[in-house]
Structures are given as structure tokens and as C-alpha cells.
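1. Just need the structure, nothing else, for what follows:
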Amino acid sequence: MKTKFRAWDAFYKMMIYANDKEFDFVYEFWKEMEQDRKENDCVFMMNTGLKDINGKDIWEGDILKVHIFTQELGESLGVREGEKEFKAEICYQEMGLWLQGNTEDESGYILWFNGMHEESFEVIGNIYENKELLSA
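-> Residues are numbered from 1 along each chain as shown. Have a look, this model is predicted:
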């Protein structure tokens with residue numbers, strides 16, 4: 001798998017995409033354009049290697065609609081099965097890919113959510129262009 005990168009340019013309010021061969025070029029281009037900008041005006045992100053239900057690449061900083069199946073211990077000691085849907089940002093943490101939802105139950109490492117696969121995710125935006133989606 002080729003490593004792919006993108007960068008959010010806050011000054012121009014645009015996302016710039018590049019693969020590993022183009023990354024140095026994009027970084028140098030951004031540095032040249034930064035005459036009147038601060039370094040934090042550009043945020044670099046990496047592709048996760050995952051795809052969503054529509055075959056779209058999932059990037060660090062994307063907002064995902066996540067659909068999971070749940071199992072809970074019921075009051076009568078039986079197991080209740082259900083489904084849950086929530087929105088979460090995907091990002092890298094110390095131990096891997098992390099989903100940051102609005103609650104503790106909606107947050108965790110992707111491997112923590114058992115049985116997740118491409119059908120579990122749909123990219124609906126990113127935290128730079130569509131931040132309001134997380135609160136909706």
C-alpha cells in the first residue's frame with residue numbers, strides 16, 4: 001500500500017492531497033506560500049488504509065457515520081442484541097486508529113469495536129470543512 005497524505009490549509013481553506021512521492025513537493029510548496037502565515041495554518045494527515053461502505057478512502061480527521069452491532073447483558077441474564085449508529089472523528093493515537101465520538105461508549109480504538117468492517121463506516125465529512133457534523 002502506498003502511503004498517502006493530505007493537508008488542510010487553513011489560510012486558503014482547502015484540502016491538498018498527495019501521495020508519498022508528491023509529499024515533499026506539497027510540503028515545499030506550502031512552505032513557500034507561508035510568507036504571511038503561521039506554521040499551524042497547515043495540518044498534515046495520513047490515509048488510514050481503510051475504505052468506507054462506498055469505497056471512499058478514510059483519512060485521519062474524517063468524520064464517520066459508524067454503524068455497529070451491540071450485545072448487552074440483559075436484566076434477566078440474557079443477552080440483548082441491538083444496533084447502534086453514531087458519528088465520530090477518526091484519528092491516530094498511541095496504539096492505533098481511534099474513533100472519538102461524543103460519549104465514552106462511542107469512543108475507542110477501532111479494534112475494540114468487535115466485528116467492524118467497511119460496511120460499518122461511511123465518510124460524511126472532515127473536522128476542518130464540516131466540524132458541525134460532530135454536534136449534529
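2. Spatially nearest residue to the spatially most central residue of the chain (excluding sequence neighbours)?
-> Centroid-nearest residue in the chain: residue 90, 2.8 Å away (criterion: CA atoms, centre = their mean). Spatially, and ignoring its direct neighbours in sequence, residue 90 is nearest to residue 62 (5.3 Å; CB to CB, 6 or more residues apart in numbering). Just so you know, the C-beta spots here come from the backbone N, C-alpha and C atoms, and that holds for glycine as well.
3. ok, now which ones touch that neighbour?
-> 89-90, 123, 125-127 (CB atoms under 8 Å, 6 or more residues apart in numbering).
4. of all those, which comes closest to residue 103?
-> Residue 103 lies nearest to residue 89 out of the contacts of residue 62, by CB to CB, at 13.2 Å.
5. ok, what's across the strand from that closest one?
-> On DSSP bridges, the residues paired with residue 89 through beta bridges are residue 63, residue 100.
6. before we move on, the earlier item: separation between the residue nearest to residue 90 and residue 78?
-> 37 Å (CB to CB, to the nearest Å).
7. any idea which helix or strand comes after the lowest-mean-pLDDT helix or strand in the chain?
-> Across the helices and strands of the chain, mean confidence by mean pLDDT, DSSP states H and E is lowest for helix 20-33: a mean of 63. Sequence-wise, the next helix or strand downstream of helix 20-33 (DSSP states H and E) is strand 42-51.
8. And that following strand, what does it pack against?
-> strand 4-9, strand 57-59 (3 or more CB pairs under 8 Å, 6 or more residues apart in numbering; DSSP states H and E).
9. Mean neighbour count added to those strands, as a markdown table?
-> Shown next, in a markdown table, are the helices and strands packed on strand 42-51 (neighbours: other CB atoms under 10 Å):
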| stretch | mean neighbour count |
| --- | --- |
| strand 4-9 | 19 |
| strand 57-59 | 18 |
